[in-house]
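[1] I would like the atomic coordinates for the input below:
(one chain, ligands or ions: 1)
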Amino acid sequence: MMNQYQSKRQLMVETQIVARGVTDRRVINAMLKVPRHLFVDEALWPEAYEDHPLPIGEKQTISQPYIVALMTELLRLTGKEKVLEIGTGSGYQCAVLAEIADMVYTIERIPAIAKRARKIFDQLKYSNVIIHIGDGTLGWKEHSPYDGIIVTAAAPHPPKALLEQLAIGGRLVIPIGNEFSQDLIIFTREAKDSYTEENYGGCRFVKLIGEQGWRE
Ligand code: SAM
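    Residues are numbered from 1 along each chain as shown. Next up, the predicted model:
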């Protein structure tokens with residue numbers, strides 16, 4: 001028998017994700033599986049599968065389910081990839097990635113938020129996730145190059161370090177714009193010094209704060 005969260009999750013996937021055009025079966029299965037409510041405070045569990053972001057403390061948010069699915073689909077993962085996420089937040093996006101990719105490295109700048117995410121990764125036994133506390137605008141050179149890099153905070157421009165740490169053929173998914181609205185941009189590294197750029201339309205994220213992002 002389905003518990004109440006499984007049926008809410010199924011409804012979320014049907015009405016918010018598939019209905020809006022996400023077709024990648026791996027992404028759909030991951031969204032059906034990851035228990036989103038466990039990534040927010042218990043008081044917010046009744047709202048966890050609704051069509052909007054939710055607060056996670058420290059003025060930060062867990063993204064709307066659809067944007068998590070869309071950004072994951074745009075990485076075009078097949079299961080073998082090494083992915084870097086900037087902005088761990090609740091850890092939900094990272095868990096969705098960990099269901100599909102081979103290995104996920106994730107960076108969060110706020111220690112209290114990172115600590116909470118680490119706890120939930122341990123609880124749900126995500127052994128293919130490594131979290132680091134620091135400035136994600138500088139990437140994580142040690143484990144580069146990455147097949148995919150996803151930035152879940154708004155940047156004024158693509159951080160140079162992230163472009164440099166992409167593998168050839170790798171994709172960087174990042175919201176670019178001002179602090180009020182951004183466009184979701186995909187940079188694909190075609191060759192060592194050649195990138196293509198595609199725009200997937202408007203979105204709204206909290207600020208990416210760091211050396212190659214916004215000042216605090
Ligand atoms: N992916 C998250 C999730 O699934 O809950 C949502 C991320 S939230 C919208 C943005 C996060 O980016 C915040 O937790 C914020 O502290 C973090 N952040 C902002 N600038 C950062 C930076 N330079 N490096 C790492 N994390 C950063």
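
[2] in the chain, which segments are predicted with low confidence?
    Flagging of the chain using pLDDT under 70 yields the residue ranges 1.

[3] can you pull out the helices in it?
    Assigned by DSSP state H, the helices in the chain fall at 4-12, 25-33, 65-74, 92-100, 111-123, 160-164.

[4] Let's have those helices in CSV, adding mean neighbour count.
    No exception for glycine: its C-beta is placed from N, CA and C like everyone else's. Formatted as CSV, the helices of the chain follow (neighbours: other CB atoms under 10 Å):
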stretch, mean neighbour count
helix 4-12, 15
helix 25-33, 17
helix 65-74, 23
helix 92-100, 25
helix 111-123, 16
helix 160-164, 17
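
[5] Please convert these to JSON lines, extending it with distance to the ligand.
    Listed next are the helices of the chain as JSON lines, based on distance: least, CB to the nearest ligand atom, whole Å:
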{"stretch": "helix 4-12", "distance to the ligand": "15"}
{"stretch": "helix 25-33", "distance to the ligand": "12"}
{"stretch": "helix 65-74", "distance to the ligand": "6"}
{"stretch": "helix 92-100", "distance to the ligand": "3"}
{"stretch": "helix 111-123", "distance to the ligand": "5"}
{"stretch": "helix 160-164", "distance to the ligand": "11"}
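
[6] Please produce CSV containing those, extended by distance to Phe187.
    Shown next, in CSV, are the helices of the chain (distance: least, CB to CB, whole Å):
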stretch, distance to Phe187
helix 4-12, 29
helix 25-33, 20
helix 65-74, 11
helix 92-100, 18
helix 111-123, 26
helix 160-164, 6
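
[7] How many residues are close by Thr78?
    The tally of other residues near Thr78 (other CB atoms under 10 Å) stands at 12.

[8] For it, give me its contacts.
    Contacts here follow CB atoms under 8 Å, 6 or more residues apart in numbering; on that basis Thr78 touches Arg26.

[9] how far away is it from Ile185?
    Here the criterion is CB to CB, to the nearest Å. By it, Thr78 lies 22 Å from Ile185.

[10] do Ile113 as well
    25 Å.

[11] so who does the closest residue to Glu81 other than its chain neighbours touch?
    Of all residues not flanking Glu81 in the chain, Asp147 sits nearest, at 3.8 Å (CB to CB, 6 or more residues apart in numbering). Counting by CB under 8 Å, 6+ apart, Asp147 touches Leu77, Lys80, Glu81, Lys82, Val83, Ala101, Ala167, Gly169, Gly170, Arg171.
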